[in-house]
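Participant: Let me see the structure of the following:
(chains A, B and C, ligands or ions: 2)
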Amino acid sequence: MSLKYAVIDRWSQGQSVFHRLDARMKMTALLVYLLSIATLKPVRAPEMIAFGVLILIGMTLSALPIGGFLLRGAVVLPFTGTFAAISAFGGQTDFAVGLVAKSYLSALGVLLLAATTPMPALLHAAQWLKVPRVLLLVIQFLYRYLFILVEQAGRMRQAALCRGSALSKRSRGERMSSAAGMLSVLFARSYERAEGIQRAMLSRGFHGQIPLLTNPAARLKDWAFALCAVAATLAIRLGGRL
Amino acid sequence: MHIPDGFLATPVWAAAGAVSVPGVAYCARRAHAVLEEGRIPLMGVMGAFVFAAQMINFPVGVGTSGHLVGGALLAMTLGPASACLVMTAILTVQALLFQDGGVLALGANVLNMALAGVFAGYLPFQLWGGGSRRKLAIWLGGFFSVFVSASLAMTELLLSGIPIPTGVALLSLVLFAISGAMEGAITVAALDALGRLNPSWVRTSQTAGKGGYGALWVGAVLLACVGILIASPLPDGLEKLAESLGIAGRASNLFKSPLSDYEASFVSAAWLRKALAGLAGLLATYLVCLAAGRMIAKRGSKA
Amino acid sequence: MNILPVIDAQQVRYSYSDGTSALNGIDFHLYPGETVALLGRNGSGKTTFVLHLNGLLQGEGTIQVCGMAVCRQNLAAIRAKVGMVFQDSDEQLFMPTVLEDVAFGPRNLGLGVDHAVQRAREALSQTGVADLAGRAPYHLSAGEKRRVALAGVLAMSPEVLVLDEPTTFLDPPAERELIRLLKSLPQAKIVVTHDMPFARALATRAVFFEKGRVVANGPIEEIASRFHWEI
Ligand SMILES: Nc1ncnc2c1ncn2[C@@H]1O[C@H](COP(=O)(O)OP(=O)(O)OP(=O)(O)O)[C@@H](O)[C@H]1O
Ligand SMILES: [Mg+2]
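Facilitator: Ligands and ions are numbered 1, 2, ... in the order given. Prediction:
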């Protein structure tokens, strides 16, 4: 279960050409890509295939496991599939196919960014895009403690299973209250952890503002990437539609 | 219900973004986070807690189990403003890292779950959480937090021209109500256990000012009603509504069924208009963000 | 003695909000360059006491750090002088990357970004983990985390180091490394520990806590044998 959270984090630690590109450029390119797909209506096969090829190029450059990557992006499909099925049932097959293609390609684009950019770099890039600082800080702390707390919850669940928490003999009320008990203990641990962090912050001179470092300067190759990616995306988007 | 990218029409996600950005900015100010960042670790850790809490299964129905969604629980422990920030952070991480909800759709998801969901979830607690109907109030909070956000999501999908037959829409409302009831039950059990561990973790419900609570009341009820009203008679109802309001001519590509769009889109002028509208929407969202940020920073430094 | 103590605590008392009286009149001194081990049973008040040394908790009695009283107006200066390394490194390393974490303290001291980064890199190489600068704290081993936490404190150039159970989760080689590293640092040190080989290797003097009081103060061997402080 915690693997689900860890896999993208692991991918993002890679060292490929694509990993080392400036996060701001990747984020800008992603936004252009997402906008191009979002405003596409109706959806036509050649464009979708061309966008797919763009993603494949990125994926190859980033040396990610292709199968795992495509599968990870497919987490949107249950949701999309439901709506696609409904519209296909209603006779709008083209629309259904378009829906699946658009959402899957969008998800793959986001995944490509997330799987090739470590969280700190993403946060720095988002700060450059003027995302409010407070939100970024909350995300920063959330992500910092995400794996630790998920692991803790996993251990608690395991311990509960060892003591027979899933036995069907117990009444539903009993199981409900033991789950609630576990939740409250997890809450308590989280609260204590937050207090510990606050203590550590104060000990190191914190007085109201969390100081951040700045982005490293973008290199020529980052600009070149951004230019190519945006140009390719816009060419696909605008080609044949004007 | 996390809406992925590719579903919402440009005007819908842009408008949702234009609402949720200042909304979240307002919450950041209310949570005192702009001035005093000492509370931020707690908010971040609580966001991680919600992820972790989803590993704990609650036996909610006949043979099924569910897990906490968290909006109402966060609101009742951290307060609605902080809860809104935490939920926004959760949704952002889900969208970026776990492809749970889209990136362009993030504005809509934040509007549904972090703003409407959290405030609707806090409202009953705010109104009756201190009295003898405390348990009911907590349950209602959990219920509302899920039901309101899911209905809003449905509304946005319908507005975007996703063809959902009336029957399916009504059935989904029933499903939303069921998952809302589950969230209510989980929230009641969890708050009960929390209160026994340390009563100071659960907010007392007299803390917010009178004016604030009136606004909450109206806002949440309005959102819930609008969601249900728009959702139930659709999809034909919306087009009629638009026509009768006289906006059909201008907004027709927003409401038209996708099939008829197929033909229209070969007219390049129509396409261009749409693209420009999309860009304008995006630009407007961005400007609103910047302006709100400035304003808050200014007010912050004055206070 | 005519050398002034870096830490001079007198009659420190503290009760937690739930009524537990954790400290019942502690007298304690620390002189420049010395390393003192705080020993005592679980719950005897060691952690509670060290939290007073930089004003994280404030009870009755007086505490002076480098001649300054621990009180609200001196807190910023005192926190720069007392470097505290906590037991849980995950709580100590809260920033997204190692470099940012180590630069957190110097930035709070008002240093500019470049200067703070330079200080952080120096501290990281002092503790032997310069190559970890770009990593996320989550991915480090326990020993690496401890070194980074120590670097985060050293980057503020403190005059006293306070370490609360620094050897938990460390394997023997990592512990050996930590001892060597701590020995090479010139600061006066307080180590709270249950790990006697570690205490012996570092400390010359020990102070024994019992129920919120200091019941003995003297050479570490003497205290160890007097309280049977051995497995
Ligand atoms: N946050 C708290 N609230 C209430 N009581 C506390 C709190 N922290 C510690 N105590 C109590 O204060 C007393 C001293 O605790 P302290 O943590 O200082 O002991 P310690 O010597 O560090 O123990 P250990 O060796 O286990 O770390 C104990 O009785 C403990 O239960
Ligand atoms: Mg202790």
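
Participant: now chain A, which segments are flagged as low pLDDT?
Facilitator: A:1-4, A:165-169, A:240-242 (pLDDT under 70).

Participant: quick one, domains of it?
Facilitator: Structural domains assigned to chain A are A:2-128+A:218-239, A:133-203, following automatic domain parsing.

Participant: Out of those, flag the one nearest chain B.
Facilitator: domain A:133-203 (2.3 Å; CB to the nearest CB). Using the backbone N, CA and C atoms, a C-beta is placed for each residue, glycine as well.

Participant: still on that earlier bit, dump the domains of chain A into JSON lines; add distance to residue A:211 and mean neighbour count as well.
Facilitator: Listed next are these as JSON lines, based on distance: least, CB to CB, whole Å; neighbours: other CB atoms under 10 Å in any protein chain shown:
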{"stretch": "domain A:2-128+A:218-239", "distance to residue A:211": "13", "mean neighbour count": "19"}
{"stretch": "domain A:133-203", "distance to residue A:211": "11", "mean neighbour count": "19"}
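
Participant: Select, out of those, the one closest to residue B:9.
Facilitator: Smallest distance to residue B:9 across the domains of chain A (CB to CB): 8.1 Å, for domain A:2-128+A:218-239.

Participant: Run the chain-centre distance for the closest one.
Facilitator: Relative to the centre of its chain, domain A:2-128+A:218-239 is centred 11 Å away, using CA atoms, centre = their mean, to the nearest Å.

Participant: Just give me the neighbour total for the residue of chain B at minimum distance from chain A.
Facilitator: Proximity of chain B to chain A (CB to the nearest CB) peaks at residue B:44, 2.3 Å away. If you count neighbours by other CB atoms under 10 Å in any protein chain shown, residue B:44 ends up with 26.

Participant: ok, it - contacts?
Facilitator: By CB atoms under 8 Å, 6 or more residues apart in numbering or on different chains, the contact list for residue B:44 reads A:137-145, A:194, B:86, B:89.

Participant: Kindly recompute the last result at 7 Å.
Facilitator: Residue B:44 is in contact with A:138, A:140-142, A:144-145, counting by CB atoms under 7 Å, 6 or more residues apart in numbering or on different chains.

Participant: so the closest residue to residue A:17 other than its chain neighbours is in which element?
Facilitator: Closest residue to residue A:17 apart from its sequence neighbours, by CB to CB, 6 or more residues apart in numbering or on different chains: residue A:61 at 5.3 Å. Taking DSSP states H and E as the definition, residue A:61 sits inside helix A:45-62.

Participant: residues in contact with the closest residue to residue C:148 other than its chain neighbours?
Facilitator: Nearest in space to residue C:148, with sequence neighbours left out and distances taken as CB to CB, 6+ apart, is residue C:98 at 5.3 Å. Going by CB under 7 Å, 6+ apart, residue C:98 touches C:132-133, C:135, C:137, C:148.

Participant: Kindly report the same for residue C:209.
Facilitator: Counting by CB under 7 Å, 6+ apart, residue C:209 makes contact with C:38-40, C:44-46.

Participant: what's the model's confidence in whichever strand or helix holds it, averaged?
Facilitator: Taking DSSP H and E as the definition, residue C:209 sits inside strand C:205-210. Mean pLDDT, strand C:205-210: 96.

Participant: ditto for stretch C:135-153
Facilitator: Averaged over stretch C:135-153, pLDDT sits at 92.

Participant: any low-confidence regions in chain C?
Facilitator: Short version for chain C, where the test is pLDDT under 70: C:1-2.

Participant: Can you pull the residues of it lying near ligand 1?
Facilitator: Counting by CB under 6 Å from any ligand atom, the residues of chain C close to ligand 1 are C:16, C:18, C:20, C:22, C:40, C:42-48.

Participant: circling back: which ones among the contacts of residue C:98 are found in strands?
Facilitator: Using DSSP state E, the subset of those located in strands is empty.

Participant: Dump those into CSV; add neighbour count as well.
Facilitator: Shown next, in CSV, are the contacts of residue C:98 (neighbours: other CB atoms under 10 Å in any protein chain shown):
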residue, neighbour count
C:132, 22
C:133, 20
C:135, 18
C:137, 22
C:148, 25
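
Participant: Out of these, which comes closest to residue B:77?
Facilitator: For the contacts of residue C:98, the residue nearest residue B:77 by CB to CB is residue C:137; the value is 26.8 Å.

Participant: Now residue B:189. Nearest residue, chain neighbours left out?
Facilitator: The nearest residue in space to residue B:189 (CB to CB, 6+ apart) is residue A:180, at 3.7 Å.

Participant: Isn't the one you found up against residue B:187?
Facilitator: No. Using CB atoms under 7 Å, residue A:180 makes no contact with residue B:187, being 9.7 Å away.

Participant: For residue A:216, grab the count of nearby residues.
Facilitator: 11.

Participant: that's a strand at it, yeah?
Facilitator: No. Using DSSP: H, G, I helix; E, B strand; the rest coil, the assignment for residue A:216 is coil, not a strand.

Participant: show me the residues around the residue nearest to residue A:17 that make contact.
Facilitator: Counted by CB under 7 Å, 6+ apart, residue A:61 has contacts A:16-18.

Participant: For chain C, see how far away it is.
Facilitator: Distance of residue A:61 to chain C, given as CB to the nearest CB, to the nearest Å: 21 Å.

Participant: cool, residue B:125 as well?
Facilitator: Applying CB to the nearest CB, the value for residue B:125 to chain C is 26 Å.

Participant: Can the helix or strand containing that residue be said to contact chain A?
Facilitator: Assigned by DSSP H and E, residue B:125 belongs to helix B:118-128. No. Figure legend: helix B:118-128 not in contact with chain A (CB under 7 Å from any CB of the partner chain); closest approach 14.0 Å.

Participant: Tell me which other helices or strands the helix or strand following that helix touches.
Facilitator: Per DSSP H and E, helix B:118-128 leads on to helix B:134-159 as the next helix or strand towards the C-terminus. For helix B:134-159, the elements it packs on are helix B:10-30, helix B:71-78, helix B:118-128, helix B:166-197, helix B:210-231, judged by 3 or more CB pairs under 7 Å, 6 or more residues apart in numbering or on different chains; DSSP states H and E.

Participant: how does it look with 8 Å?
Facilitator: Using 3 or more CB pairs under 8 Å, 6 or more residues apart in numbering or on different chains; DSSP states H and E, the elements in contact with helix B:134-159 are helix B:10-30, helix B:71-78, helix B:106-109, helix B:118-128, helix B:166-197, helix B:210-231.

Participant: These: which one's closest to residue A:220?
Facilitator: Distance to residue A:220, taken as CB to CB, is lowest for helix B:106-109 among these, at 31.6 Å.

Participant: pLDDT of the closest one, averaged?
Facilitator: On average, the pLDDT along helix B:106-109 is 95.

Participant: following the helix ranked longest in chain A, which helix or strand shows up next?
Facilitator: Ranked by number of residues, the top helix in chain A under DSSP state H is helix A:172-203. Using DSSP H and E, the helix or strand that follows helix A:172-203 in sequence is helix A:220-238.

Participant: quick revisit: of the helices and strands packed on helix B:134-159, which shows the lowest average pLDDT?
Facilitator: helix B:210-231 (a mean of 54).
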